[in-house]
Each structure stands twice: as structure tokens, then as C-alpha cells.
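A.B. asks: Let's see this in three dimensions:
(one chain, ligands or ions: 2)
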Amino acid sequence: METLYAILSGILSAIGVLALLLVISELHLRFRGRKFNVNGKHCYVTGGSSGLGKAVAMDLFKDGASVTIIARGLDNLKFAAEEIEKCRVNETQKIIYISSDTTDKQSSKAALEESVERQGKEIEYVFTCAGAAYPGYFIEQDVEVFEKSMQLNYFGALYTIHEATRRMVNANIKGHVVLVGSTLSMLGLVGYTQYSATKFAIRGLAEALRSELILHGINVSAYYPGTILSPGYEAENKLKPEISKKIEDAVDGLTPEQCSTALLKGLKRGEVAITSDFSTLLFRVASRGAMPMNNVAIDSVLAMIAWVALPIWRIFVDRTISTFQYGKPKAKPE
Ligand SMILES: NC(=O)C1=CN([C@@H]2O[C@H](COP(=O)(O)OP(=O)(O)OC[C@H]3O[C@@H](n4cnc5c(N)ncnc54)[C@H](OP(=O)(O)O)[C@@H]3O)[C@@H](O)[C@H]2O)C=CC1
Ligand SMILES: CCCCCCCCCCCCCCCC(=O)[C@@H](N)CO
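C.D. replies: Residues are numbered from 1 along each chain as shown. Ligands and ions are numbered 1, 2, ... in the order given. From the prediction side, this is the model:
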């Protein structure tokens, strides 16, 4: 009987400590930094004419921000700006669009300058949503696909935030940089060699930059979405090997609007690494390295779950892959 009491009280104290840690950690997370508040601020969104970027631009506008959206195609930009305009909440807000190619250094710099001039306000929040995946088999794809992917997903984001953060520091603005990665920033998967590396690079950049920009009081966060049901997703599916689709289809995608809601919620909660679905959350806690945790108690419990679940999942995935060859199931031996 006494041993039973001892065990029970042990369990209860452990739960108590965990609950206390949960509350303290949540308070620390929410109050550790400057509040995310875009009202009256200039927000700059690359890829703002479609998918995630468009949804983010719209939500920022709904929160009272002045927003600049960047993309190459003018028709989509104009259409997106018209839709965003309908969400106006006050007279002073401006929505402007600029056609620019984020993979071009000069064009990126010029677009930032033009946006500041036309908005009449320095940029405080930057979201780099422009990006794309060109899935396919490693040995079948030309190296140019790898170069193009890195140029768009990594250097495209870099050119924008490099110039934007220089401007912030010069103008003494305590801004916020939000980079967009993917589940594939933390997981490598068949068909995605050309893409995963670019999104791992984004994660490395976000982590180093977060550390460095503490010097200037500028916040850096990264968003790691799973499947986004966007025009970009439809396009990449035309290239995607069947095996990649099969593995990916185990998890439902989210609409760009759902992703944007989750991203802004994470930013308002003070998260540095933001996810919007359970599997990416597991990959995050399993590969967090020394990144700041969100809620220490929740992250630690999830890390234990991930520690068991992910290797098991990996075994099943590897097995599934071994039954395929170049997209066709292997013929069974007679
Ligand atoms: N879709 C998905 O399943 C996932 C996507 N992501 C990431 O989320 C981000 C958004 O994806 P998604 O919503 O699907 O994107 P979409 O393909 O729907 O939209 C991409 C946007 O980026 C713009 N863009 C593309 N290339 C350039 C360029 N060189 N210069 C300027 N703008 C450019 C496009 O406009 P235009 O073509 O006119 O230039 C468009 O506005 C990307 O970084 C993507 O890698 C992450 C996880 C999953
Ligand atoms: C118990 C553990 C369960 C884990 C299940 C995990 C399943 C994950 C599947 C991979 C999802 C890949 C999303 C890619 C999104 C993306 O970036 C591309 N669409 C490119 O745009």
C-alpha cells in the first residue's frame, strides 16, 4: 500500500512539475520579445501574388499594415492587390505591387528602394514567400535544376533580406524577418533532392541570422509549412514522381489561408520556428539543435514521441520506396 502511495505521489509530482514548467515556459515565450504588431507598419511580402504570400499579405492588411507585394507577373500582382484592397481597415493603409525577380540582385534592391519611396515608410516586416519546387529524380534531373532551385529558394530570399536588414539597421528600425522553409527543411525525401537542400539552407540562414541580429534588435523567424494547397503545389505535382506523391499524401495539405493564420498565430505567440501541422512539429522538435524551443514542456514531451515515432515511420517509408522503381512499382519476381 505504501509503495503504491509513493508511486502515485511520484507520478503526481512529476505531472505537477511538468504543468508548472508548461505555464512558466508559455509565459516566457509570449513575453520574451517585442510584440508582433504590424498595425501602421510597412510589410514587404515576396511571392505576394499567389498562394501563401498572397494569404499572408491579405492577413497583414487586415491587421492594419501597409503592404508591398512582390512577384514577376503583373496580372496576378494587380489581381491580388485588388483583392487585398477589399480588406482595408483604415484610411492610411497602402497596398502597392512591384514586379521584380527575386533571383536578380539588382532587381531585388531596386524593388525595396521603390517600395520605401512609394510607401513613404521604411520596411519593418519582411516575409520571403517567393519559392518553388521542381521535384524529380536526382539522376534524371540536370544540375541546372539544382542551381535554379538554390537561386530561387535560397539566394532569392537572401538578396531581399540582406538589403532589407541593412536598411533596417541604418534607419535604426527594430524589424522582423520571416523566412519560409518547409517540412523539407528538416526531412529529406525521395524526389526532393533539388528542393530539400535549398530549404535546409533557409533553416541554417534563419538560425545564424537570428543569432546575429540580436546585435541590432531585429527578430528573425522561420515558417516550416507542410503541403500548401496553392497554385505552386498544382504546378509541382505535374513533375512529381509517384512515390513522392504517395508518401506526401499520407498527410492532408492546408489552404494558403490556413497556413497564413497559423504563421501569424506563431509570430504573435513569439515562436522562432513555426509549424502548422503535427508531422512538421514532430520533425521540428526532433531536429531542433540549439534553436529556442517554443513551449519547453510541450516540445520536450513531443520530442520523446518523435524519438520513437520518426524512426518507425522512416522504416516504413524506406520499405515503400524499395517497392518502387522510377515511379513504377517493381515487377514482382515470379
Ligand atoms: N506549396 C507547397 O506545398 C509548399 C510550399 N512551400 C514554400 O512556401 C512558399 C510559397 O509557396 P506557394 O504558396 O506554393 O507558392 P505559389 O507558387 O502559389 O506562389 C509563388 C509566388 O512567388 C512568386 N515568384 C516565384 N518566382 C519568383 C521570382 N523569381 N521572383 C519574384 N517572385 C517570384 C510567384 O509569382 P510570379 O511567378 O509571377 O513571379 C508567386 O507570387 C515557397 O517558398 C514554397 O517553397 C513550403 C512548403 C510546402
Ligand atoms: C509518426 C510520424 C508521422 C510522420 C508523417 C510524416 C509525413 C510527411 C510527409 C512529407 C511531407 C512533405 C511536405 C512537403 C511540402 C513541400 O515543401 C513541397 N510540397 C514543396 O513545395
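A.B. asks: pLDDT below threshold where in the stretch 201-334 of the chain?
C.D. replies: For the stretch 201-334 of the chain, applying pLDDT under 70 flags the ranges 326-334.
A.B. asks: got the residues of it near ligand 1?
C.D. replies: When proximity is defined by Cβ under 6 Å from any ligand atom, the stretch 201-334 of the chain lies next to ligand 1 at 225, 227, 228, 230, 231, 232, 233, 256. For the C-beta atoms, the positions are set from N, CA and C on the backbone; glycine is no exception.
A.B. asks: Retrieve the pLDDT associated with the closest residue to the fourth one other than its chain neighbours.
C.D. replies: Across the structure, with Cβ to Cβ, 6 or more residues apart in numbering as the measure, the residue nearest residue 230 apart from its sequence neighbours is residue 51 (3.0 Å). Listed pLDDT for residue 51 reads 98.
A.B. asks: which among the residues of the stretch 201-334 of the chain next to ligand 1 gets closest to ligand 1?
C.D. replies: Proximity of those to ligand 1 (Cβ to the nearest ligand atom) peaks at residue 232, which lies at 2.2 Å.
A.B. asks: where exactly do the strands run in the stretch 151-300 of the chain?
C.D. replies: 176-180, 219-224, 273-275 (DSSP state E, counting those that start in this stretch).
A.B. asks: The longest one packs against which elements?
C.D. replies: Using 3 or more Cβ pairs under 8 Å, 6 or more residues apart in numbering; DSSP states H and E, the elements in contact with strand 219-224 are strand 176-180, helix 193-212, helix 256-269, strand 273-275, helix 278-286.
A.B. asks: Pull it out as PDB, backbone CA atoms only.
C.D. replies: C-alpha atoms of strand 219-224 as PDB (Å, rounded to 0.1, in the frame of the first residue of the first chain):
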ATOM      1  CA  ASN A 219      13.800  39.500 -34.900                       C
ATOM      2  CA  VAL A 220      14.200  36.500 -37.200                       C
ATOM      3  CA  SER A 221      11.700  33.700 -37.500                       C
ATOM      4  CA  ALA A 222      11.200  30.800 -40.000                       C
ATOM      5  CA  TYR A 223       8.000  29.200 -41.000                       C
ATOM      6  CA  TYR A 224       8.100  25.500 -42.000                       C
END
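A.B. asks: does that strand come close to ligand 2?
C.D. replies: No. Remark: strand 219-224 sits outside contact range of ligand 2, by Cβ under 6 Å from any ligand atom, the gap being at least 8.8 Å.
A.B. asks: What strands line up against that strand, and which way round?
C.D. replies: Strand 219-224 pairs in its sheet with strand 176-180 (parallel), strand 273-275 (parallel), by DSSP bridges.
A.B. asks: and the first one, C-alpha only, in CSV?
C.D. replies: What follows is the C-alpha trace of strand 176-180 in CSV, where atoms were taken according to Å, rounded to 0.1, in the frame of the first residue of the first chain:
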residue,chain,number,x,y,z
HIS,A,176,11.3,41.4,-38.1
VAL,A,177,12.4,39.0,-40.8
VAL,A,178,10.3,35.9,-41.6
LEU,A,179,11.8,33.3,-43.9
VAL,A,180,9.8,30.5,-45.4
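A.B. asks: Looking at it now, give me its mean pLDDT.
C.D. replies: Summarised as a single mean, pLDDT over strand 176-180 is 98.
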